Each structure stands twice: as C-alpha cells, then as structure tokens.
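In: Sharing a model prediction with you, sequence too.
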Amino acid sequence: MPVLVITGTGTEVGKTVTTAAVAAAALAAGRSVAVLKAAQTGVRPGEPGDAEEVARLAGAVTAAEVARYPDPLAPGTAARRAGTAPVRPREVAEAAAKLATEHDLVLVEGAGGLLVRFDAAGGTLADAAELLRAPVLVVAPAGLGTLNATELTVRELRSRGLEPAGVVIGSWPGSPDLAARCNVTDLPEVASAPLLGALPAGAGSLPPAHFRAAAPGWLAPGLHGTWDANAFRARTAP
C-alpha cells in the first residue's frame, strides 16, 4: 500500500504519534517514507507542525503540508478566518500521489476526524482518500465512548467503498479501566477490522531514539511491527 491515510475518531486521540510510530516501523523495515499533513491548523508560519513532529520522532522521513492556518479550528473554518484559500481534497490527493512516485510509503494524516470539513463545499479527508483509493487507518482512544465513534467512522468509510486498514489505540493507559480492557475485544468487532496496535500513553514524550526502537513493538506485522493482538488481549482481559 504505497499510500495510507490516517484519521482519528476525533481530536487528541494520538493520531500524530501513531503516524510517527507507523513511519518509524516502516523506516526500520527499510522503506522510504513521506508524511503529508493535509491541513495543519493552530500553527503559525515558521512553527513546526504535525509533519515535523512525525519527522522528529520517526527519523528520516520527508515531511510536507498541503496548507496551514493559524487558528486551532477545523480547516475550513480556519481558512475562512484567515482569509486564505481552503485546502481541497484533490490538492491533498495530488500531493500524496506525487510523493508516492518518490517513496515506498506515503502517510497522509488528517485533521481531527474523518469528516472534518476542509472547505465550504464540504470536502473532507474521506474525499481525498476516495480520490486516492487508499486504505484508511483509524486511530481511536482506549476508553468509554470509543466504540460508537469508531463504528461511525468505519461505516462512513465503507459507505464510500473505502477499506478500513484497521484500528490502532492511540494512547493505552498505564492503568486501564474496565471499559478500556473490554474495548480491546470490542473495537475490532464493531469495526469489522483488525486491531493493529496500541501505543502506550506518553509515547510521544520519549526521546526520539527510544521512540524509534520501541515503535515496532506497538504495531502489528501489517504495519511493519511485531505487536501481537491476541497476546495483548490476553494480558488485558477483564
């Protein structure tokens, strides 16, 4: 899969750190990697954004953005407030396709959830994924409420004929509660897609060298890792 789109079930679910882990595992497997941020919000010119954070953690990736806006809002709203052109799904798809001619793997990271609007016409990351015909990795939180948000996300993907690559838990707590432990079993069932990893809470705060060494252990073989979903489920079962 030369292009993998990465979305969250919402904001602050660990999407950027998960993108970095996928990039680090692919690099460790000898693949060249590019990371494309579809729309960076909440960051001013010259400040590092999510793509740069992925590069800091993962290592030698090509980091790129399609557009950025200073207000920490949905991209369409942020573009309107900034008085600048919004990002269009076709622009995202074209940028990803170009990077795919030069890299083994292109990771396209969205902004927030799958249907966050890019423009006044209602363009979204899902539209970009449709244009690319790319699989979509869903990053979900561990605890209560994640099942509904995850199922809604994968239903939308399938309604568009898109393939959910799987689900990754973006931040697994050190002391998981009952809901989190049950969700390890329930998430792949509601998604009808495999659980492909679980990143420990605070992974993004690790020194980059430690992050890169540990990342393959957080992800399943389908993402160039060594993580075993069955073993994780057995360890965390309530």
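Out: Now that the structure is in, tell me what you want to look at. Note that this is a predicted model, so its numbers are computed, not measured.
In: Then Val35 would be within a helix, right?
Out: No - assigned with DSSP: H, G, I helix; E, B strand; the rest coil, Val35 falls outside any helix and is strand.
In: Secondary structure element for Phe232, which one?
Out: Taking DSSP states H and E as the definition, Phe232 sits inside helix 229-236.
In: ok, residues contacting that helix?
Out: Defining contact as CB atoms under 8 Å, 6 or more residues apart in numbering, one finds that helix 229-236 is touched by Pro176, Ala180, Arg181, Val184, Thr185, Pro188, Pro194, Leu195, Leu196, Ala198, Ala220. Quick note: C-beta positions are derived from backbone N, CA and C, even for glycine.
In: between these, which has the most around it?
Out: Comparing those by number of neighbours (other CB atoms under 10 Å), Ala198 comes first, having 26 neighbours.
In: In a helix, it, correct?
Out: No - applying three-state DSSP, one finds Ala198 to be strand, outside a helix.
In: what are the bridge partners for it, then?
Out: Beta-bridge pairing for Ala198 (DSSP bridges): Ile169.
In: Quick check: it vs Gly83, distance?
Out: Ala198 sits 41 Å away from Gly83, going by CB to CB, to the nearest Å.
In: Ok, Trp218 next?
Out: Trp218 is 41 Å from Gly83, by CB to CB.
In: Which of the two has more residues huddled nearby?
Out: Trp218 (27 against 6).
In: Ala201 is in contact with that one, correct?
Out: No - in this structure, Trp218 is not within contact of Ala201 by CB atoms under 8 Å, at 11.5 Å.
In: how about the strands in this protein?
Out: Using DSSP state E, the strands of the chain run over residues 3-8, 33-37, 40-41, 62-65, 68-69, 105-113, 136-140, 164-172, 195-200.
In: and the direction of the last one versus that of helix 229-236, what angle?
Out: For the pair strand 195-200 and helix 229-236, the angle between their directions (axes from the mean of the first three to the mean of the last three CA atoms, to 10 degrees) equals 50 degrees.
In: what's the angle from strand 195-200 to strand 164-172?
Out: For strand 195-200 against strand 164-172, the angle by the same axes, to 10 degrees is 20 degrees.
In: hmm, back to that, now mean pLDDT and distance to Arg56 too, for the strands of the chain, in CSV please.
Out: Listed next are the strands of the chain as CSV, based on pLDDT from 0 to 100; distance: least, CB to CB, whole Å:
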stretch, mean pLDDT, distance to Arg56
strand 3-8, 98, 17
strand 33-37, 98, 11
strand 40-41, 95, 15
strand 62-65, 97, 9
strand 68-69, 94, 17
strand 105-113, 95, 14
strand 136-140, 98, 19
strand 164-172, 97, 18
strand 195-200, 98, 16
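In: Can you tell me which of those strands is packed in deepest?
Out: Among the strands of the chain, strand 136-140 has the highest mean neighbour count (mean count of other CB atoms under 10 Å), at a mean of 28.
In: Can you show me the CA trace of it as CSV?
Out: Only the C-alpha atoms of strand 136-140 are listed here, as CSV (Å, rounded to 0.1, in the frame of the first residue of the first chain):
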residue,chain,number,x,y,z
VAL,A,136,-7.6,4.3,5.9
LEU,A,137,-6.1,3.5,9.4
VAL,A,138,-8.4,4.6,12.2
VAL,A,139,-6.8,5.9,15.4
ALA,A,140,-9.2,5.6,18.4
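In: got any ranges where this structure has weak pLDDT?
Out: 1 (pLDDT under 70).
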